[in-house]
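1. Could you look at this predicted model? Sequence included:
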Amino acid sequence: MCRTVDLHQAVLAKNDTNAVELRRTLDDRGTTAVNLMSSPGSGKTALLEALLTRAAAGGTPAAAVTADLATENDATRLARSGAPVRQILTDGLCHLEAGMLRGELEGWLPEETRLLFVENVGNLVCPASYDLGETVRIALASVTEGEDKPVKYPAAFGLAHLVVITKTDLAEAVEFRREDFLRGVQQVNPGVPVIETSARTGEGVDALLAHVLRAADGRETHTPVLARQHEKHLHHHHDDDAPVADHTHAPAGAADHSHAPAGTPR
C-alpha cells in the first residue's frame, strides 16, 4: 500500500510541476485556460460550442481542446463554431494531465488566443486530482443527473471556482430539485458561484462567458476551501526529495480541427 501511495504522489508531483510551467507560459502570452469537468452526458460539449460561438461573435479569440478515450466526435462538433479545436485521444486514460495538454498546445495554439477551453474526459473522479494549469476550474452537472451530484463527488465540486447547471430547459420535466442541489454545492464548496444554463435556449451562456472573461481580466475568482488544503498538499509534493516517476500516459493521437493559423511555437 505504501508503495502504491508513493507512486501516486510521484505522478501528481510531476503533474503539478507541468501545470505550474504551463500556467506561467499561458499567463505570459495572455491566455486564460478554463478546465471543464463533468460526467458523460452532462451537455458539456453543447454548452462549449455555444460559448465558442458567443466568444467569436463578441470578438474574443478563443480555442478549445477536447479529450476523449476514443473518437473525434466532440472536436467535429466544436469546430462548427469556427474556433480552433484540438482533439486529444487518451488511449483509455480517464483524465487529462498537464504534460499531455502542454505537449498538444506547443506549436498549435494561435498566438492571439485569449480563452482556452479544455473539455476534460467525462468523469468526475480522476480529473479532480489533476491541475491542468487552468485559471478557472468549472464543475458541471445537468438537471437530469439528480440533485446529489455535488455530495457524491465532493472533490470535483469542492475544488471548482464555478459550478454550472446544464439543461435547465429540462428541469421541470425531470422534476429537478434545484434547492437541494444548491444546498449540496454549498455544503462541499461554501460561497462558490452557480450559473444555470441551457445550450438549447441560450439561458446563462452570456453570463458564463462574462464570468470567464472577468477571470481573464484578472478579477479575483472564488477560492475553494479544499483548494487551500490542496495547495498545502502540493507544497508537500514539491518538498519531497524522492525521484518522480513519469506516468503521464502520452495520448494515442491528436486531431487538429483548427480554423485559424497556428501560433508561434512556445
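-> Everything's here; your move.
2. Helices of this protein, residue ranges please.
-> For the chain, helices defined by DSSP state H occupy the ranges 2-29, 44-57, 73-78, 98-105, 149-152, 154-158, 178-188, 205-216, 225-239.
3. Now do the same contact list for L96.
-> Listed by Cβ atoms under 8 Å, 6 or more residues apart in numbering, the contact partners of L96 are A67, I88, T90, V118, N120, V121, P127, Y130, L132. Every residue, glycine included, has its C-beta placed from N, CA and C.
4. Quickly list what the second one is bridged to.
-> Same thing as I88. When bridges are called by DSSP bridges, I88 pairs up with A67, A254.
5. shaky segments in the stretch 151-266 of the chain?
-> Residues of the stretch 151-266 of the chain meeting the criterion pLDDT under 70: 229-266.
6. Any chance of the helices of the chain in CSV with distance to R114 and mean neighbour count as columns?
-> Shown next, in CSV, are those (distance: least, Cβ to Cβ, whole Å; neighbours: other Cβ atoms under 10 Å):
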stretch, distance to R114, mean neighbour count
helix 2-29, 10, 16
helix 44-57, 8, 21
helix 73-78, 17, 19
helix 98-105, 14, 22
helix 149-152, 30, 20
helix 154-158, 26, 22
helix 178-188, 28, 17
helix 205-216, 6, 18
helix 225-239, 24, 13
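7. Quick one: closest of the ones you listed to V136.
-> Judged by Cβ to Cβ, the one of these that comes nearest to V136 is helix 205-216, at 4.9 Å.
8. so what's the residue lying closest to G191 once chain neighbours are set aside up against?
-> Once flanking residues are discounted, G191 sits nearest to H222: 6.2 Å by Cβ to Cβ, 6 or more residues apart in numbering. By Cβ under 8 Å, 6+ apart, the contact set of H222 is H161, L162, G191, V192, P193.
9. circling back: and of the contacts of L96, the nearest to G30?
-> So of the contacts of L96, ranked by how close each gets to G30 (Cβ to Cβ), first place is V118, at 16.8 Å.
10. For the closest one, name its beta-bridge partners.
-> In this entry, V118 is beta-bridged to N35, V65, by DSSP bridges.
11. Tell me, how many residues neighbour it?
-> Applying other Cβ atoms under 10 Å, we find 26 residues neighbouring V118.
12. In contact with it, which residues?
-> Taking Cβ under 8 Å, 6+ apart, one finds A33, V34, N35, L36, A64, V65, T66, A67, L96, L101, L132, E134 in contact with V118.
13. So the last one sits against A33, correct?
-> Yes: E134 sits in contact with A33 when judged by Cβ atoms under 8 Å, with a separation of 4.3 Å.
14. intersection of neighbour lists for these two?
-> With Cβ under 8 Å, 6+ apart as the test, E134 and A33 both reach R23, V118.
15. before we move on, the earlier item: pick out whichever of the contacts of V118 sits closest to E175.
-> Distances from E175 to those, taken as Cβ to Cβ, are shortest for L36 (26.3 Å).
16. for the closest one, what are its contacts?
-> Contacts of L36 (Cβ under 8 Å, 6+ apart): K44, L48, F117, V118, E119, N120, I138, L140.
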